[in-house]
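Undergrad: A predicted structure for the sequence below; I have some questions about it.
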Amino acid sequence: MDALEGCGGMRDDPIARVLDDLLKFDDILACMVARRNMISVEPSGGTSSFKPEVYDIWDLIKRAMDDVFNVISQYSQVGLGEMEFRLRDYEVIFFVLPDTDNALVAIVPALANKGLLEVELENARRDIIRILEEKGDEKRVTV
Amino acid sequence: MSDDGLLLMNTEGSSAGKSSDVFLNMEGKRDVDKVSDFEAAVGMSRKWDAYEAGRETAESTIRQLKRPPDFFLLFSTIHYDKHGGFQRLLDGVWSVLPEGTPLIGGTVAGFINPQGCYTRGATALAVSYPNMDVAVGYGKNTKRNPKKAARQCAEMIKKGLKNSKYHNNFIFDIISGGLIPQIPGVGRRKVIRGVLSKIAIHLSNFSLIILQKGVGREEELLNEFEKYFKDFYILHGSSMDDGKATTNYQFIDKTVETNMIVALGINTDLTMDINQSHNFKEMKRFYVTKLSKDKRIIHMINNKPAACEVLTLLGWPDDFFDEKLFKRTFFCPVSYIDNDRLIPEIIGIIAGNSITVLHGIKNKEMAFLSASGKNLIEAVTYCLGSLDCKNSVFGLISTCDGRLETLGYKIFDIKEKITEQFGEKPFLAIYCGGEGIKKPNESFRYGNLTFNAFIMKKHLNKII
C-alpha cells in the first residue's frame, strides 16, 4: 500500500498507463485504483478522461464505492478477491489488490460483456501487483 | 520480455516445440525415430496499433523457429477494427512473414496461450516441418449459400493436397459466425415482442440472404464440407467479435474478408488426435412440437408456445426474457440428442413466443442442460486427459465464447488446466462463436459451449 502513495497525479506512472489501456475499451467507462475516500491512482488524463455518461451518476457511485470499501478493508487481508454492485444502468467492479485496502475499480454498462472485460481487469490487476512489487524492491535496494 | 518489448517464449526449452530429443519408451529403450526437425511456436502482441501488433505477432512467433514456417495461423480480437483496421494488421504480419507462407485466421473473442489469457490482442501459431504438405482454401458468401462456399473451399484444398504422399490428414477451418440480424423496422435486438416479432421472423430470412446478417449456417456448410474429407480430422471455429455479434472477419493470405470459410489442410506423417467435451448435465427433457423449416426456430414446446413453456419448465419469471437473457442461458443451454450425445445450443433471439438457436436441431427430443463454473472448468481436464498431450508436438483448441463470458477471469484456471496437460509444449486456444470436431470416418460434431482440442503427436517407431 505504501507504494501507491503519491501515485495519484504522476503523468509517467506505470499504473496510470495500465488504467489508460483499460479506458480504451468502449465498455470501460471509468477505471481507477482506489480505496475508501480516496482515488490512489487515476488514468493519465485524470477523471476527466472518463466516458461522459458516467458523470451524471459519478457522485452516487462514489458514495456507494466508499460503502463497498468498508467491506473490502475488513476482508481483504483474509482473501476477499472481487466485489461488484449494480446501480441503475451501470455495474461497478472491484478487483482487490491482495493484502491492501485498495482495489482496481471499473465502471461498465450493465449490459456489457462482463466476462471478457474481467479477463482484462485480471490482467491489469496482475500488472499493477507486479509494478507495486518492483517498486517495493526498488525501495528496499535504495534503503 | 525482450528489451524492445517483444514477447519471447523460452527458446531453450521445449515451449517452442523443438523435438530433437531421443525418447525412452515404456520399456526404457531408446527410440531413434524421433520427430526430427519439427518446430512449432506461439507468439502474440498486446499493442493497440494494428500494424505494430501484426508485426510484433509475426516477429515474436517466427523468431522462435530455425526454419521458415510451413503455415501460420493468425487470430485477433475485434479491437483492431478501430485501431487501424485488419488490413493493417495483416500488412504488419506480412512485413515479417516470409512471402508465400500459407496463412489463415480470423477474429475471436479471446485466446489463451502459454503466456496467459487475453480478450484483447493478436496471437499466432506457426509450424515448420519437412514431412508435411499444406494447402489453404476459401469459400465466399457462407450465409447466402453455405453449400457452394463449402464446395469452393473443399475443392481448393483437395487440389492443393492431391499429390501428397502422407496419410495423416487434418483440416482447421474458420467460418464467419452468426451476426444479430438487422431487420428492417426492428433493428438489432435479442428480444422482440408483440407485432414486431412476427415481422422479425418473416424478415430474418431477408436479413440472412440479402444482408448476410443472421445465423452462421455453419452446420449446413460443414455437412457439405465433410463429404470431401471423410478420412480427415477437422477442427472448426466460428469467427466472432467481442460478443456483440455485429461483425467478424476472416484472414486468408494477405486479405481480410467477411462471410467466408477459410481452411488449412495438412497431410503429414505425424499422428494426431482430437476430442470434445462440455460437461453439462441433463436437467429436464422436453419435446419440440413445432419447428421452423430451417430447424433453427422453435415455435412450440410440449404443444405450448415455446418461450412461455421455457419459462415454466425452468421456473423463471417473465421478465427474465430481456436483453441479458443470452448470458443467463449460458449456464442452462438447450440441447438435442445426436448419436447418444447431448449437443448444447445457446438460445439466441426470442421473437414473440418463438426461440431461435444457432444451429439446426437434429432431434425434436431435447433437454435443458446445466453446469456450474466448476463443471465448465473440469470439461478441460476431461477433454485433454484422453489426448496424451505430454507427447504432443503442439495443441490447437477451439472453445466457445459462451464459456469465456460465463467464467470471466476464471479462465485463468482454464489456462492452468491446459498447462498441466501440455507442460512446455506450445498450444493455442481460441474463443469462438460456435465450434466442432470431426474424427476420421465419423460425422461432424458441432455445437456451442464445447471445448475442443486437437493435437499432433510424436510418432514413436523404431527401437534400438
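TA: Alright, I've got the coordinates. No experiment lies behind these values; they were computed from the predicted model shown.

Undergrad: hmm, residue B:275 is touching residue B:450, no?
TA: No. In this structure residue B:275 lies outside contact range of residue B:450 using C-beta atoms under 8 Å: 10.3 Å. Placement of C-beta: from N, CA and C, glycine included.

Undergrad: between the two, who's got more neighbours?
TA: A side-by-side neighbour count of residue B:275 and residue B:450, using other C-beta atoms under 10 Å in any protein chain shown, places residue B:450 first with 26 against 17.

Undergrad: identify the residue spatially nearest to that one, adjacent ones excluded.
TA: Closest residue to residue B:450 apart from its sequence neighbours, by C-beta to C-beta, 6 or more residues apart in numbering or on different chains: residue B:278 at 4.7 Å.

Undergrad: close enough to count as contact, that neighbour and residue B:345?
TA: No. Contact criterion C-beta under 8 Å: residue B:278 and residue B:345 do not qualify, at 11.1 Å.

Undergrad: so what sits against both of the two?
TA: residue B:447 (C-beta atoms under 8 Å, 6 or more residues apart in numbering or on different chains).

Undergrad: am I right that residue B:142 is in a helix?
TA: No. Looking at residue B:142 with DSSP: H, G, I helix; E, B strand; the rest coil, it is coil, so not inside a helix.

Undergrad: what about it, neighbour count?
TA: So residue B:142, with other C-beta under 10 Å, has 28 neighbours.

Undergrad: any idea how far it lies from chain A?
TA: According to C-beta to the nearest C-beta, to the nearest Å, residue B:142 and chain A sit 24 Å apart.

Undergrad: what about that residue, distance to residue B:449?
TA: According to C-beta to C-beta, to the nearest Å, residue B:142 stands 22 Å off from residue B:449.

Undergrad: contact partners for residue B:82?
TA: With C-beta under 8 Å, 6+ apart, residue B:82 has no contacts at all.

Undergrad: need the per-residue pLDDT for it.
TA: Looking at residue B:82, its pLDDT stands at 95.

Undergrad: what's residue 118 sitting at in phi/psi?
TA: Just so you know, I chose chain A. phi -60, psi -40 (degrees, to the nearest 10).

Undergrad: so what's the closest residue in space to it that isn't next to it in sequence up against?
TA: Using C-beta to C-beta, 6+ apart and skipping the chain neighbours, the partner closest in space to residue A:118 is residue B:408 (3.5 Å). Counting by C-beta under 8 Å, 6+ apart, residue B:408 touches A:114, A:115, A:116, A:118, A:119.

Undergrad: doesn't the second one lie inside a strand?
TA: No. Going by three-state DSSP, the assignment for residue A:115 is helix, not a strand.

Undergrad: so what's it closest to, chain neighbours aside?
TA: Of all residues not flanking residue A:115 in the chain, residue B:405 sits nearest, at 3.6 Å (C-beta to C-beta, 6+ apart).

Undergrad: thought residue A:117 was touching the one you found, still the case?
TA: No. When contacts are counted by C-beta under 8 Å, residue B:405 is not listed as touching residue A:117 (9.9 Å).

Undergrad: kindly provide the distance from the residue nearest to residue A:118 to residue A:91.
TA: When distance is defined by C-beta to C-beta, residue B:408 is 12 Å away from residue A:91.

Undergrad: list residues touching both of these two?
TA: Residues touching both residue B:408 and residue A:91 (C-beta under 8 Å, 6+ apart): residue A:114.

Undergrad: tell me the residues of chain A that contact chain B?
TA: A:21, A:24-25, A:82, A:95, A:110-111, A:113-123 (C-beta under 8 Å from any C-beta of the partner chain).

Undergrad: restricted to buried residues, select these in PyMOL.
TA: To isolate the buried ones among these in PyMOL, judged by 16 or more other C-beta atoms under 10 Å in any protein chain shown, type:
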select buried, chain A and resi 21+25+82+95+113+114+115+116+117+118+119+120+121+122+123
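
Undergrad: I am finished for the moment; much appreciated.
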